[in-house]
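Enquirer: Sequence first, predicted coordinates after that:
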Amino acid sequence: MSSAILGAMLRALAVDDELPALEEMSYLLRHDPRVGEVATAADATAAMRQISERDEAYMFDTLFLDVRMPGPSGVDLARFVSALANPPLVVFVSAHEDFAVTAFELRAVDYLLKPLREERLADALDRVIELRQDATARTRIPVELAGRVRFIERADIYYAQARGDYVLLRTVNGTHLIRSTLGALERDWASTGFVRIHRSILVAARHVSELHTDGSRTRVRVGGELLLVSRRQAREVRERLLSQTVTGGEGS
C-alpha cells in the first residue's frame, strides 16, 4: 500500500519473539484507526532485515519492540535504527521495568509494560503522532551559501531533484543544494503537497501550473519549466495533482 493511499496514517513494525505477545500487539495496532500498516517480526534480526530492505520513502514511522529477545535485543535494534537518516520512533514493550532508564536514554517515545493494555498503547500512539506532526510542521529548510547558513521556506520550493548524495532544490529565488536523499524528503513532505513524478524528481503540487499529455508522454510545468513524468508514475501523478489542487495542497 502506497504512502499516497495511507496519507497521514502510521506504518508500524511490531517485534517480539513470543508469538502470543506479538499477535496481541499487532492486533491492537491494527485495530487503532490511526495505523494504516502493521508488519511483524519474531526477532530483532528479522526486523533489521525488513528495515534494511524497505524503501526510504516508505520507512516505518514507529517500532514497538520487546526488550529481551534471543540474539540482538530490542535495545540493539533501537541503536540500529538510531543511525538511520530518518529513524522510526521507538516504543518499548516489556514484562520488566529494569530497562526503562536505558530506553529513555535511547530517546524512546514510551515504555509499555506487559500485559499490554489498549489504552496505554493508544497513549503511545498519541505521542508518536504528536512528534511526527512536530517534524512535519518544520517548514524552514537550512541551506549553506558561501560559508553562511540561510533558511528557505518549503512553500517556496518548486521541486527537488536528486543529485548523487545531494538534492537540488529549485525555488522561487534560485537553486540550492542540500545533503539529503529524495526518499527522505518524500517521506517527510508526503503530507504537505509534494508529489514524486520521477525517480529523481519531487514536485510541489501548489506550483504546478500545467499538466501536458502528448501521446504516451506526460509533463508538468513547474516554475516555468516542463518536467517529464515517468510512464510508471503518470496515472498516479495525474490523480494526485488533481486531488491536491482541489484540496489546496500545503497551506502557506
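Expert: Nice, thanks for sending it over. Numbering: from 1, shown residues only.

Enquirer: pLDDT weak spots in the protein?
Expert: By pLDDT under 70, the low-scoring segments of the chain are 1-8, 57, 85, 135-139, 191, 243-252.

Enquirer: how about 80 then?
Expert: Scanning the chain for pLDDT under 80 picks out 1-8, 55-57, 83-86, 104, 132-140, 144-149, 188, 190-193, 215-216, 240-252.

Enquirer: per-domain residue ranges of it.
Expert: For the chain, the structural domains run 3-136, 140-247, going by automatic domain parsing.

Enquirer: where's the most centrally placed residue in the chain, which helix or strand?
Expert: The residue lying closest to the centre of the chain (CA atoms, centre = their mean) is R187, at 3.7 Å. Using DSSP states H and E, R187 maps to helix 182-189.

Enquirer: Give the pairing partners of the helix or strand following that helix; include direction for each.
Expert: Beyond helix 182-189 on the C-terminal side, the first helix or strand identified by DSSP H and E is strand 194-198. Sheet pairing here is set by DSSP bridges, and for strand 194-198 it gives strand 201-204 (antiparallel).

Enquirer: Next, the buried residues of stretch 205-223.
Expert: 205-208, 211, 218-220, 222-223 (16 or more other CB atoms under 10 Å). C-beta here means a position set from N, CA and C on the backbone, and glycine is covered the same way.

Enquirer: Out of these, list just those in strands.
Expert: 208, 211, 218-220, 222 (DSSP state E).

Enquirer: Tabulate those (TSV), appending distance to R127.
Expert: What follows is these, written out as TSV (distance: CB to CB, whole Å):
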residue	distance to R127
V208	35
L211	40
T218	41
R219	43
V220	38
V222	37
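
Enquirer: Next, work out how far apart the nearest residue in space to Y166 that is not next to it in sequence and V237 are.
Expert: Ranked by CB to CB, 6 or more residues apart in numbering and with sequence neighbours excluded, the top spatial neighbour of Y166 is L177, at 4.8 Å. Using CB to CB, to the nearest Å, L177 is found at 25 Å from V237.

Enquirer: the more surrounded of those two?
Expert: V237 (23 against 15; other CB atoms under 10 Å).

Enquirer: Surely the more buried one is in contact with T218?
Expert: Yes - applying CB atoms under 8 Å as the test, V237 and T218 come out as touching, 7.0 Å apart.

Enquirer: Check which element follows the lengthiest helix in the chain along the chain.
Expert: The single longest helix within the chain, with elements called by DSSP state H, is helix 118-137. For helix 118-137, the following helix or strand on the C-terminal side (DSSP H and E) is strand 140-145.
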